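Trainee: The following comprises the amino acid sequence and a computationally predicted model.
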Amino acid sequence: MSRYESDSGAPPARAIPFTFARAGQNARINFSGTAGQLVRVVVSGNALDDGNTATVNNTQMLVFKPSSPNTGAIGSVGFNTGISSATINLTLPETGSYAITIKPSGLDSGGLNLGVTFQ
Ligand SMILES: [Ca+2]
């Protein structure tokens with residue numbers, strides 16, 4: 001298979017909007033991947049905040065592999081109130097269902113966009 005073929009079960013490359021309606025909510029999103037694939041997980045348009053400009057809270061995004069869906073993240077990035085976008089680049093170690101978790105902190109709520117792109 002050509003490395004330029006990308007329509008083999010990959011999720012859409014466009015970013016999908018997520019809304020964290022209340023403080024304390026986390027998001028968990030799954031995608032299917034194949035061992036050796038290069039994947040880029042991108043947050044954009046980060047608008048999480050608690051309505052108080054004096055507080056700068058951090059949001060954490062983690063990626064877990066199929067054989068360890070809750071511990072030992074294979075990729076992570078943090079982005080705070082003042083950062084609109086963040087990226088994790090990965091070479092997938094296994095074939096199966098991967099999980100992305102996004103965890104705002106403090107009293108932050110609001111929206112962001114998440115995109116998963118297969119290189
Ligand atoms: Ca704030």
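Mentor: Structure received.

Trainee: N26: neighbour count?
Mentor: N26 has 11 neighbouring residues, counting by other C-beta atoms under 10 Å. (Each C-beta comes from the backbone N, C-alpha and C, glycine too.)

Trainee: Surely it is in contact with S105?
Mentor: No: counting by C-beta atoms under 8 Å, N26 does not reach S105; the two are 10.2 Å apart.

Trainee: List the contacts of the residue in the chain that the ion sits nearest to.
Mentor: Closest to the ion within the chain is T55: 3.9 Å, counting by C-beta to the ion. By C-beta atoms under 8 Å, 6 or more residues apart in numbering, T55 lies in contact with T81, G106, L107.

Trainee: how about the residues of this protein near the ion?
Mentor: D49, D50, N52, T55, T81 (C-beta under 5 Å from the ion).

Trainee: list the contacts for the first one?
Mentor: The contact partners of D49, by C-beta under 8 Å, 6+ apart, come to N57, T81, D108, S109, G110.

Trainee: next one: phi and psi at the first one?
Mentor: So that's N57. N57 adopts backbone torsions of phi -100, psi 150, taken as degrees, to the nearest 10.

Trainee: Now it: closest residue in space, sequence neighbours ignored.
Mentor: Among residues not flanking N57 along the chain, G106 sits closest, at 3.9 Å (C-beta to C-beta, 6 or more residues apart in numbering).
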